Each structure stands twice: as structure tokens, then as C-alpha cells.
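>>> Please find the sequence and the predicted model below.
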Amino acid sequence: MEIILTVNKQSRKVEVRPAETLLDLLRRLGYKSVKYGCGEGACGACTVIMDGRPVNSCLILAVTVDGREVTTVEDLGTIQKPHLLQSAFVESGAVQCGFCTPGMIMAAKALLDRNPSPSEDEIKEALDGNLCRCTGYVQIIEAVRLAARRMKAEKKKN
Amino acid sequence: MRLAKLQRVSYPETVAEAIQILSDKKRGAVALSGGVSFVFSPLQSVEELVSLSRLPLNYIKRKNGGLRIGATTPIADLVTSRAVKNYGDGILWETAHRIGSTLNRNLITVGGNLVQPFIWSDLSTVVLALRAGIKIQGKKSRDLSAEEFFTRLPRQFLKRGELVTEIVFPPFPKNYRAAYEKFTLTENDFALLKVAVVLARSGRVCRDVIIVVGGATILPQRVLSAEEILRKKIGSQILVNEASEVAAEEIKVSRDIRCSEEYKRDLCRALVRGILERILLDQKVPEWKLF
């Protein structure tokens, strides 16, 4: 079946298999930041932003995303010019094995897009579907707070 | 191959269009709201999926002290809604807030959670306790009370071409109190059992009460004999203990691989007692004391 969706601001016409999930499709298209973790919506490694909301891409059938807009971590920054969230994660020591990081960053981005000055509780709630099995959560929360401060400062400057 | 017969996905923009597609026997179409449960257990025979995502059923409206919630409203929207937070002692908000994770709540819809219930589903327990109404549209429209709706698995009695379109929550009078509790092994885990109680008080007298237990069976159940013990009586610890004891004895408990029947009955007793101590006897019951 053919669908048209927008991935990282690029419109794509793709052929999808009936039972293929959005996670499988994105990885097949080369968006390897989207990770297969649990496959049942519990770990958040496959988090992408769909129409402004962070979602588990493993819980969505690809055939049902016709016309939707999807954003993955590939859209945020590059190694040369990382997004403020990405550099905050590195500087805060919020990355260890890195498997959960793309999902964490997408969930955090959706939060900061909606709420530029979140409280600690709001950060914890926004990341409650993203599991990390090595770093722990203290540095991750600190990274989101740091990014929020920097994004606010940058917005003021502009 | 999974879903080998699936030919197409349609995206109707009106309820009438969706009903027309779903009514057509030849098309073998199935409605899909959030679609979360369908990913895990798809109907292999389905030839067409009808995505409800473009229907104008994503809304929360205040009406005469009650609420009207469209069936495709994501659970996440209940959590961010001030109207939901202010309604019914916050019981609906509390329930929505504790469904899965933020990521899950962005996908799961109100209608989907009711039409495709699992033993761990949360919303049905509170919908029944709040005496909500369920609006169903098809060739003929019908309005059911939650009590009628949950007599059988909804997919068994929804006719071909019928859709749940709206949940109507009645006004919540000032003398009413409500509370919801669920027991999970971890914060994000599926609940083993949950209890919702809505009661009307005049001073310490319990004028009206509805006690609903979810998670003992797939469909939520009212515990009528426990309600009867409390109705029109002055609230006391003895009465609360008796009602929670009867509730634990009366509920039907299905087999559950996660825990024994006795454990669920113990949970039921503790949850009913804790909630009644809080909203009937005005005791401050810390969560640790419930269990």
C-alpha cells in the first residue's frame, strides 16, 4: 500500500507492508535514530514526534500515518552543529550507551516546544515513558533543564 | 504474513461517511481509533481499516455542570484539560493521568479504551462509577447508560456500522464526593485492581453510593450489596469495614496469570476501605496504609 507522509519536513511517498509499524518503516527509510527496544510501548526508545505529540512509533501501523508529519532526532542537529538539547545531554553526562537518548531527546523536545520553562515534575512526567538502563535519570533531567535555560536565553537574544 | 488480506485504509472525515463504509458487508472494514491494541492483536481477516483520526470527535466540552467528550479524544488531552480536572472531584483526571505513560496517552483514545477493554483498562471503571452515558451512532443512533454498555464486551453488541461517538458525563452535584485508586506493582505497570467510589453525603449520612471494581474481570462491576450496606446510613468505621468485607466477597474474579484470586480479593477489601475512610469518614489515609 502506498502512503504519503512527511518525515523531517520532507514529503515522502512510500510503499508500506500491511503489518509494518511506523518504527519499522522509519528504520527502513534510513532514520536509524529510531530504536527498537521493547516493541510494546513500554521503553520509549522508538519515540518520535507525530503532529506535535511524542509517541511510541512501535505502536503505530505505518499504513495509518498517511498525511501525518513525523519528526525524528535526525531533524534536530548535526555533529558539527548540534541542537541545544543534544549538547546539553552531552555536557550533563546524560548519555552513556546512547540507546535511549534519541527517544529521550524527542520526548524532551516535545515538552519544551509546548512548555519552555518546565518544572522538575513536568520534566519527569514528560519522560515517564522513556527508560534508561545505564545513566540513571538525574543527569537526564538536568540536561533538559539546562537546554530549557539555554533555549530561553537564545530566544531572548533573538 | 500478518494482515495479509488488508487492502486499504480509509480516512473518512465525517461520522456519516465512516458509518457508511463500516456498514458495507462486502468491504469487511474495521474501525481503528488510537490503534494501540490492534498492533498487538490485529484481526487477520480484516480487508479494510477505517481510521477515525480525521473525524470531528476530538473534543472536551463543558455542559450544564457535566462533560461531553468525543470518542477520538486522546487520553493525554484529558490530562491537560482544566474542565476534566475540575469535574467530579478530579476522579476522571486522576484516572486519565495514571493510564500508561505520556507517550501511550498521546495514542490511546477515550473511545478506543472503552470499546476495546482489557482486564487492565482504567477508564471503564470510572465511566461506570460516574454514571456516564455512551452515545452510539449507526444507521440508527442510540444512547446507552454505562451500566447497559458494560453488560457485555462492547465489540459483541456493537452492530456492524455502529460507532461510539461521545461519552456524556452528567452534572456532579456539590454534595457528591468521588475517589479512584488502583494498585500496580510499578508506577507505569498495568493495574492488578482498581476501585472507584462516588457517593452523596449530607453531613455524615451516605445518601447515595456507587462502588465499582475494575480489573477483577475484563468488564467493571458494581458491588451492589456493599452499596446497600452504606446507603442512607451514618458513616462509621464499622460500616466501612463491613462494606469493604462484603465487596471483597461479592466480586467475581477471573483467572489472572499475575496474581491469585485471594490476592485480588484482599486488594479489593483494602482499596474499598481506604477510599471510604477518605471520602465518607474524612480520614487522611496515606497510600502506604491502604495495603
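Cool, got the structure. Residues are numbered from 1 along each chain as shown, chains lettered A, B, ... in the order given.

>>> Could you use CA atoms for every contact and neighbour count after this?
Fine.

>>> ok now the biggest helix by length in chain A, how far from the chain's centre?
For chain A, the helix with the greatest residue count under DSSP state H is helix A:138-157. Put simply, helix A:138-157 sits 16 Å off its chain's centre (C-alpha atoms, centre = their mean, to the nearest Å).

>>> Check which residues of that helix are buried.
Judged by neighbour count (16 or more other C-alpha atoms under 10 Å in any protein chain shown), helix A:138-157 contains these buried residues: A:139-149, A:151.

>>> Check the average confidence over it, would you?
Taken as a whole, helix A:138-157 carries a mean pLDDT of 95.

>>> so what secondary structure elements neighbour it?
helix A:84-91, helix A:120-126 (3 or more C-alpha pairs under 8 Å, 6 or more residues apart in numbering or on different chains; DSSP states H and E).

>>> Tell me the helices and strands packed up against the longest one.
Put plainly, it is helix A:84-91. Counting contacts by 3+ C-alpha pairs under 8 Å, 6+ apart, helix A:84-91 packs against helix A:101-114, helix A:138-157.

>>> got CSV for those, with distance to residue B:134 too?
As requested, the helices and strands packed on helix A:84-91 are exported to CSV (distance: least, C-alpha to C-alpha, whole Å):
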stretch, distance to residue B:134
helix A:101-114, 32
helix A:138-157, 41
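
>>> Quick one: closest of those to residue B:50.
The closest of the helices and strands packed on helix A:84-91 to residue B:50 is helix A:101-114. By C-alpha to C-alpha, the value is 28.1 Å.

>>> What residues does chain A have near chain B?
When proximity is defined by C-alpha under 8 Å from any C-alpha of the partner chain, chain A lies next to chain B at A:1, A:18-19, A:21, A:40-41, A:44, A:47, A:53-56, A:59-61, A:63-64, A:125-129.

>>> run the last query once more with 10 Å
With C-alpha under 10 Å from any C-alpha of the partner chain as the criterion, chain A meets chain B at residues A:1-3, A:17-21, A:39-44, A:47-50, A:53-61, A:63-66, A:107, A:125-130.

>>> Just the ones of those in strands?
Among these, DSSP state E puts A:2-3, A:47-50, A:53-56 in strands.

>>> Residue ranges of each domain in chain B, please.
Domain segmentation of chain B under automatic domain parsing yields B:8-51, B:60-169, B:176-290.

>>> Please produce a markdown table containing those, extended by distance to chain A and mean neighbour count.
Formatted as a markdown table, the domains of chain B follow (distance: least, C-alpha to the nearest C-alpha, whole Å; neighbours: other C-alpha atoms under 10 Å in any protein chain shown):
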| stretch | distance to chain A | mean neighbour count |
| --- | --- | --- |
| domain B:8-51 | 6 | 18 |
| domain B:60-169 | 5 | 20 |
| domain B:176-290 | 8 | 19 |
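
>>> Rebuild those as TSV, extending it with mean pLDDT.
Formatted as TSV, these follow (pLDDT from 0 to 100):
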stretch	mean pLDDT
domain B:8-51	90
domain B:60-169	95
domain B:176-290	93
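
>>> of all those domains, which lies closest to residue A:8?
Ranking these by proximity to residue A:8 (C-alpha to C-alpha) places domain B:60-169 first, at 19.3 Å.

>>> ends of that closest one, how far apart?
In domain B:60-169, first residue to last residue: 11 Å (C-alpha to C-alpha, to the nearest Å).

>>> what's the answer for stretch B:161-176, then?
End-to-end distance of stretch B:161-176 (C-alpha to C-alpha): 38 Å.

>>> and what of stretch A:115-131?
Distance between the two ends of stretch A:115-131: 22 Å, counting by C-alpha to C-alpha.

>>> how about it: buried residues?
By 16+ other C-alpha under 10 Å, the buried positions in stretch A:115-131 come out as A:116-118, A:123-124, A:126-131.

>>> Chain B: helices as residue ranges?
B:15-23, B:36-40, B:75-80, B:82-86, B:91-97, B:102-105, B:110-115, B:123-129, B:146-149, B:154-157, B:224-230, B:237-250, B:261-279, B:287-290.

>>> Out of the ones you listed, flag the one nearest residue B:166.
When the helices of chain B are compared by C-alpha to C-alpha, helix B:110-115 sits nearest residue B:166, at 7.6 Å.

>>> Tell me who's in contact with residue 66.
This is for chain A. A:2-6, A:13-14, B:9-11 (C-alpha atoms under 10 Å, 6 or more residues apart in numbering or on different chains).

>>> not quite, I wanted chain B
B:83-84, B:87-88, B:132, B:168-173.

>>> Would you report which members of the residues you listed are assigned to strands?
Under the assignment DSSP E, these contribute B:168-169 to strands.

>>> returning to that earlier point: also compute the angle for the longest helix of chain A relative to helix A:101-114, please.
With axes from the mean of the first three to the mean of the last three C-alpha atoms, to 10 degrees defining the directions, helix A:138-157 sits at 40 degrees from helix A:101-114.
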